[in-house]
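1. Predicted model, plus sequence, below.
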Amino acid sequence: MSRRALVLGATGLVGSRAVAHLIDSPAYGRVTCLVRRATLATSDKLHERVVDFSKLTSDDVDPADDLYCAIGSTMKKAGSREAFRRIDLDLPLRVAELAVAAGAKRIALVSSVGASAEARSFYLRTKGELEEALASLPLTALHVMRPSLLLGDRSESRPGEAIATVLARATNGLLVAGLRKWRAIDVDDVGRAMVAAMTSPDPEPARQVHEHDAIVALARSGR
């Protein structure tokens with residue numbers, strides 16, 4: 001029996017790649033994306049649910065087996081700590097709770113290298129708090145992707161990130177041993193790794209954290 005996927009953050013850098021690989025995966029028969037506005041669907045598998053994210057109810061979340069959560073912002077774009085927390089913690093947690101109530105058993109989450117509920121950085125602490133909150137849900141699998149800098153074509157211009165991308169490509173090989181987890185990674189690898197992890201046998205323990213090398217290995221296994 002084919003699976004049903006629910007995707008949050010489907011239009012983002014990683015989310016869009018995850019959707020592409022979900023459409024290609026024979027394991028999934030339906031891919032539903034929660035979006036603010038409709039876009040052009042590219043596959044019979046793909047369904048868009050236009051929702052008001054500030055007023056989500058159970059009626060907005062279609063039953064699914066697996067939730068893919070790739071939503072995220074930056075402090076600069078969010079504009080304040082409160083807004084950032086709403087986008088990167090409150091919203092994905094609300095969707096996850098509704099999805100689990102509707103039958104979802106597995107979640108794949110895009111977090112960040114260094115994420116921890118005890119981190120001094122507000123950004124990393126928020127990411128870590130979301131990881132902990134999702135881990136408390138009754139899941140058979142929680143795959144947490146913790147990439148460092150994401151390499152890929154962005155729809156918006158961010159000069160600082162463009163410079164960082166050039167530097168990252170040049171210095172990735174210098175990050176060895178315990179520093180390897182800080183290597184920049186291609187967004188397609190992260191999206192592909194999410195699908196590969198979720199279509200593997202459910203792990204024990206349910207919560208699995210994947211950093212750079214594990215993400216690359218999963219992406220290769222999914223090719």
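-> Yep, it's here.
2. can you tell me which strand in this structure is longest?
-> strand 28-35 (DSSP state E).
3. So for that one, what gets flagged as buried?
-> 28, 30-35 (16 or more other CB atoms under 10 Å). Just so you know, the C-beta spots here come from the backbone N, C-alpha and C atoms, and that holds for glycine as well.
4. What is the nearest of the residues you listed to His210?
-> Tyr28 (19.9 Å; CB to CB).
5. So the closest one is in contact with Met1, correct?
-> No: Tyr28 lies out of contact with Met1 (CB atoms under 8 Å); the separation is 11.0 Å.
6. Between those two, which contacts overlap?
-> With contacts defined as CB atoms under 8 Å, 6 or more residues apart in numbering, no residue is adjacent to both Tyr28 and Met1.
7. By mean pLDDT, point me to the weakest helix or strand of this protein.
-> The least trusted helix or strand in the chain, going by mean pLDDT, DSSP states H and E, turns out to be helix 159-171, with a mean of 58.
8. what residues does the helix or strand that that one is followed by touch?
-> Using DSSP states H and E, the helix or strand that follows helix 159-171 in sequence is strand 185-186. For strand 185-186, the external contacting residues (CB under 8 Å, 6+ apart) are 147-152, 212, 215-216.
9. Excluding sequence neighbours, find me the nearest residue to Glu211.
-> The spatial neighbour of Glu211 that comes closest, neighbours along the chain excluded (CB to CB, 6 or more residues apart in numbering), is Lys181 at 4.1 Å.
10. That neighbour: what's it in contact with?
-> So Lys181 contacts 113, 146, 148, 211-213 (CB under 8 Å, 6+ apart).
11. Of those residues, select the buried ones using a ChimeraX command.
-> Buried subset of these, written as a ChimeraX selection, criterion 16+ other CB under 10 Å:
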select :113,146,148,211,212
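12. Any chance of JSON lines for the contacts of Lys181, columns distance to Arg120, pLDDT and secondary structure?
-> Listed next are the contacts of Lys181 as JSON lines, based on distance: CB to CB, whole Å; pLDDT from 0 to 100; DSSP: H, G, I helix; E, B strand; the rest coil:
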{"residue": "Val113", "distance to Arg120": "15", "pLDDT": "97", "secondary structure": "coil"}
{"residue": "Arg146", "distance to Arg120": "17", "pLDDT": "98", "secondary structure": "coil"}
{"residue": "Ser148", "distance to Arg120": "18", "pLDDT": "95", "secondary structure": "coil"}
{"residue": "Glu211", "distance to Arg120": "20", "pLDDT": "97", "secondary structure": "coil"}
{"residue": "His212", "distance to Arg120": "22", "pLDDT": "97", "secondary structure": "helix"}
{"residue": "Asp213", "distance to Arg120": "26", "pLDDT": "96", "secondary structure": "helix"}
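13. quick one: which of the contacts of Lys181 is nearest Asp188?
-> For the contacts of Lys181, the nearest to Asp188 is His212 (14.4 Å; CB to CB).
14. That's all I had, so thanks and see you.
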